[in-house]
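Student: fold the following.
(chains A and B)
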Amino acid sequence: MKRAFWGGALILLCIIFVATLLNQINATVSAPELTQVDMPAEAEPSYRDERIPEADEALSAGQLTIFNESVNAFGQPVPGLNRMDGLFFFVGNSFFNQNWVTAPSSTAARDGLGPHFVARSCSGCHLRDGRGRPPVVDGEKATGFLVQLSIPGVDALGAPLAEPSYGRQFQDSAIQNVATEGRVQISYTESEGSFADGERYTLRTPTVELIDLAYGPLAETVQLSPRVGSQIIGLGLLEAISEETLLANADPDDLDGDGISGRPNYVWDLLAEEAAIGRFGWKANQPNLIQQVASAFSADMGITTELFPLPDCTSVQAKCLAAPHGGAPEIDEDDLQKVVLYTSTLAVPARRNWQDQEVLHGKQIFSDIGCASCHLPSITTGEHPRFAELSNQTIRPYTDLLLHDMGPGLADDRPHFEASGSEWRTPPLWGIGLIEPINKHTYFLHDGRARSLLEAILWHGGEAESSKDAVLELDKAERNALIKFLESL
Amino acid sequence: MNNETNDVKPNHHTFPQALRALFTYPEKFRTTFQRTEVTSINFTIHPMVAAATAGQNLSRKLYVLALCSIIAVAGCSAASQSSTQTTAEDPAPIEQSLEETESTSEVDATDSAEELNRLKVEALTTYAEIVYASYVDSADLATKLQDAINEFVANPSPETHQLAKDAWLAAQEPYGQTEAYRFYGGPIDDENGPEGLMNAWPLDEAYIDYVQGAEESGIINNIDAYPTIDVDLLISLNEIGSEKNISTGYHAIEFLLWGQDFSDSGPGERKYTDYVVDGGTALHAERRGQYLSALAELLVDNLNFLVDEWASNQSDNYRAQLLATDPNKALQLVLTGIGVLSRSELAGERMFTAYDNQDREDEHSCFSDNTHRDIVTNALGIRNVYLGTYTRPNGEIVSGPSIANVVEQLAPDLNANMIALSDEIMAQVNNLSIPFEQAIINPNDRTAVLETVFTLQDQGDKIAEIGSLFGLSINTALPD
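Tutor: Okay, here's the model as predicted:
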């Protein structure tokens, strides 16, 4: 009797235990999955219904996504770096953030600023690894905004020809005893328009002038290309996208007749000494990160590298040529590699509010009106030569990295390798919703002319004209939804 | 009918009692249900149960109970599964209901939560005391530095020069410990904080004064562009555009006292005669003196500001605000400060970068070769905060209930680990080869530097773990 009792009690306990366990397993399994919204019965949609959130779509960088919405959201390393790479990240961070100083200095690893420069550090233009902006106050020397210079024609490598007196970039700062090249002055012309529902909008077209020139007049045929510094998250991932993938999305002759003709920009790879597809820079003018970083050191800060060993002084800038330099090169190869490591391994923050109904509605519109044709919602990386962590990830940068003609309104009339004066690379949209909290401004497009995301959309022309027209037809709620979607990125 | 056990007369008029009888007195089971008719019990038993339990077979009754339990538990599973689904996006309600059930349990639990809260508040008060005391000491020694500098400028001589340098070295001791209060947007480094004016690095030497190879460089030598040198000028220089150029602070004073360091084994050797107005060794000696004096004045002003922000008799300064905040939020800030300093700033940015570069002067106090003290005082600052104790320059100790005490209550092993790490770090940093510029180059000494880096990183991770203990997420990565 007793045995039977205890046997029964034991069975009872086991059953309760197992049932609880099953309950726990069920709970763990079902919690992270999203709720499938039951759509009302409608005619079968012929396109993918974007109102249903996809699992993982918040993970803009796949498994390398971080969850951070603070002002430091752009400055975090990708998860999973090994200990030494994590420490090298600090070295790169140090060289990225700390000011370069005039040579000669005791801190020989940090000197060689200028003689002409735009910023004293990378973070000067990419503050908190984010986006720069044009000057907003009269006389402000905006950091984060620069003007590239050229005259018509190309050199032996296909690059634009430098302006004879001022070089390939205008630099409005200089070290002591060297005259600054001059000042940048921007004026705006406003134009008005209205949406189909009657609401009005204004856009502003910038006119950039270079004044107080210290080295004589600019060449009459000078071409100016104003550019702001972009947010630098996820660059290693973008670098890991294979050329095949990029080309698969290209359609230069618009064979599919959808009005979109993205094409690669074949530029020159200085290290490999051959042509390569460009993917960084506003016109996809740089083929890889090391060249992008070295070029920026040279043109933006006057720091020489093995790739760019000469200071950016022209023949008429005598004091510039005579000024002491910080060694040859001013940033040695090892430290440059650490900066490249840093820029390669900055993580991408996850999307916010991605399951909001309004955001999903905006996502639907984004797809319906064709934005996703160039701002591709997802892409898969190939093999990264240095960081296996970056390989074979499904990422969501919202770009095809290809050139598109954006119409005469946005043109800078300055070709760059194979990009024409009206072509621009599709910029990645990841992080765009965090620009405001991180960089405290909302200036978008290559020269920061758009004062909001909506204005940025309204500037879309050329291949994107029909999409822009569709936006004009949207009602207020739809426009708000579209913006909410962009802000979630 | 079995009534042989007379000592217990179960009263089975309530369900809980019946249940208790079931499990406590198995022999009585039969008795219970045999003696009680369904209708005389104050509750209704399901007829099935009544029928099933009416029989004599004890085991069968248990099996039936087991069956009911399965059904009940399965029902619970289904219920919570559906509730899990609907709250997939927001698990808080479930946690809240758990908390509610917990708090409605014994009174002791509430008491211990209050006790914990009290310990946290005490630890934060100790923190504020330590911060205040260390800033007071920093301001005090900066004032002594200012006096020594003014004396030196008025009467340049080898003696007054040495006294000024000694005063600078002394002033670093408390200040280095205050770096543990950075990285969370406190008064030192919020948007308007003076950190950039006080301790930023690297210094643009040629921007301030002559350097080897550019004998007339710097503001000091540029009488045309900068006719007057005073504190206002210094402040204005640091607001050019949005990019600060580093021309003030401890390291600017250091540069003007020691000069550039060209020696492998010693500090800079600027001559005191750089400040001798007539017949000195450098141009513009008088302006150099003015610049140096202005630097000291600005530094004292900045430190006095910090003292005010942490003083205890104010109602609206930072200290008051911090101690009025939810203790967990305040702890998050405090732990972030020491976590970031440990894992990122000290280990990564300062020590590892110098180690990796092997560049002799890529160290913070490169003119005076005092970086080894910076490292020790930074590490000590972290320890002070955790252990709730700070030793003032005069030997007096400021201490009180600490974060360690709180952690000890919740997770004594974690506390022991943290203390062990801190002990190890203090041993390591005090053992680094001097000067640091040699430690990062000599093969025999480099290993010790790297190991210290690793331990500091481990400590940073431990601090983050301590944060988790309080339910806080501590990010120990370096804010730009």
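Student: just give the number of residues close to B:Ile397.
Tutor: 9 (other Cβ atoms under 10 Å in any protein chain shown). In short, each C-beta sits where N, CA and C put it, glycine included.
Student: tell me the bridge partners for it.
Tutor: With DSSP bridges applied, B:Ile397 shows beta-bridge pairing to B:Thr391.
Student: that one touches B:Leu387, doesn't it?
Tutor: No. In this structure, B:Ile397 is not within contact of B:Leu387 by Cβ atoms under 8 Å, at 11.1 Å.
Student: and the stretch 201-350 of chain A, which of its residues are near chain B?
Tutor: A:Pro324, A:Asp335, A:Lys338 (Cβ under 8 Å from any Cβ of the partner chain).
Student: please name the residues that touch the nearest residue to B:Glu195 once chain neighbours are set aside.
Tutor: Excluding its sequence neighbours, the residue lying closest to B:Glu195 (Cβ to Cβ, 6 or more residues apart in numbering or on different chains) is B:Asp189, at 4.3 Å. Going by Cβ atoms under 8 Å, 6 or more residues apart in numbering or on different chains, B:Asp189 touches B:Arg182, B:Phe183, B:Glu195.
Student: contacts only, for the first one.
Tutor: Going by Cβ under 8 Å, 6+ apart, B:Arg182 touches B:Ile188, B:Asp189, B:Glu195, B:Gly337, B:Val340, B:Leu341, B:Glu345.
Student: output these in JSON lines, with distance to A:Ala477, secondary structure and pLDDT appended to each entry.
Tutor: As requested, the contacts of B:Arg182 are exported to JSON lines (distance: Cβ to Cβ, whole Å; DSSP: H, G, I helix; E, B strand; the rest coil; pLDDT from 0 to 100):
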{"residue": "B:Ile188", "distance to A:Ala477": "47", "secondary structure": "coil", "pLDDT": "94"}
{"residue": "B:Asp189", "distance to A:Ala477": "43", "secondary structure": "coil", "pLDDT": "89"}
{"residue": "B:Glu195", "distance to A:Ala477": "46", "secondary structure": "helix", "pLDDT": "88"}
{"residue": "B:Gly337", "distance to A:Ala477": "45", "secondary structure": "helix", "pLDDT": "96"}
{"residue": "B:Val340", "distance to A:Ala477": "43", "secondary structure": "helix", "pLDDT": "95"}
{"residue": "B:Leu341", "distance to A:Ala477": "49", "secondary structure": "helix", "pLDDT": "97"}
{"residue": "B:Glu345", "distance to A:Ala477": "47", "secondary structure": "helix", "pLDDT": "93"}
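Student: and of the residues of the stretch 201-350 of chain A next to chain B, the nearest to chain B?
Tutor: A:Pro324 (5.3 Å; Cβ to the nearest Cβ).
Student: could you find the closest non-adjacent residue to that closest one?
Tutor: Closest to A:Pro324 by Cβ to Cβ, 6+ apart is A:Ala103, at 4.8 Å.
Student: same check on B:Leu233?
Tutor: Spatial nearest neighbour of B:Leu233, excluding adjacent residues (Cβ to Cβ, 6+ apart): B:Tyr226 at 6.3 Å.
Student: these two touch, right, that neighbour and B:Tyr207?
Tutor: No. Taking contacts as Cβ under 8 Å, B:Tyr226 lies outside contact range of B:Tyr207: 11.3 Å.
Student: circling back to that earlier point, so for the residue nearest to A:Pro324, what's the pLDDT?
Tutor: Predicted confidence (pLDDT) for A:Ala103: 82.
Student: restricted to helices, list the residues of the stretch 201-350 of chain A next to chain B.
Tutor: Among these, DSSP state H puts A:Asp335, A:Lys338 in helices.
Student: what subset of the residues of the stretch 201-350 of chain A next to chain B is buried?
Tutor: A:Pro324, A:Asp335, A:Lys338 (16 or more other Cβ atoms under 10 Å in any protein chain shown).
Student: where is pLDDT lowest across those residues?
Tutor: A:Pro324 (84).
Student: how about that one, what does it touch?
Tutor: A:Ala103, A:Pro104, B:Gly213, B:Ala214.
Student: change it to 10 Å
Tutor: Shown in contact with A:Pro324 (Cβ atoms under 10 Å, 6 or more residues apart in numbering or on different chains): A:102-105, A:111-112, A:115, A:175, B:206, B:211-214, B:217.
Student: re earlier: isn't the residue nearest to B:Leu233 up against B:Arg287?
Tutor: Yes. Taking contacts as Cβ atoms under 10 Å, B:Tyr226 lies within contact range of B:Arg287: 8.3 Å.
Student: those two: which is more packed in?
Tutor: Neighbours were counted for B:Tyr226 and for B:Arg287 using other Cβ under 10 Å; B:Arg287 has more, 21 against 15.
Student: next SSE after the host helix or strand of the more buried one?
Tutor: Counting by DSSP states H and E, the element that carries B:Arg287 is helix B:285-310. Later in the chain than helix B:285-310, the nearest helix or strand by DSSP H and E is helix B:318-324.
Student: and that next one, how far out from the chain middle?
Tutor: Its chain's average C-alpha position is 16 Å from that of helix B:318-324, according to Cα atoms, centre = their mean, to the nearest Å.
Student: packing partners for that helix?
Tutor: For helix B:318-324, the packing partners by 3 or more Cβ pairs under 10 Å, 6 or more residues apart in numbering or on different chains; DSSP states H and E come out as helix B:107-154, helix B:285-310, helix B:327-340.
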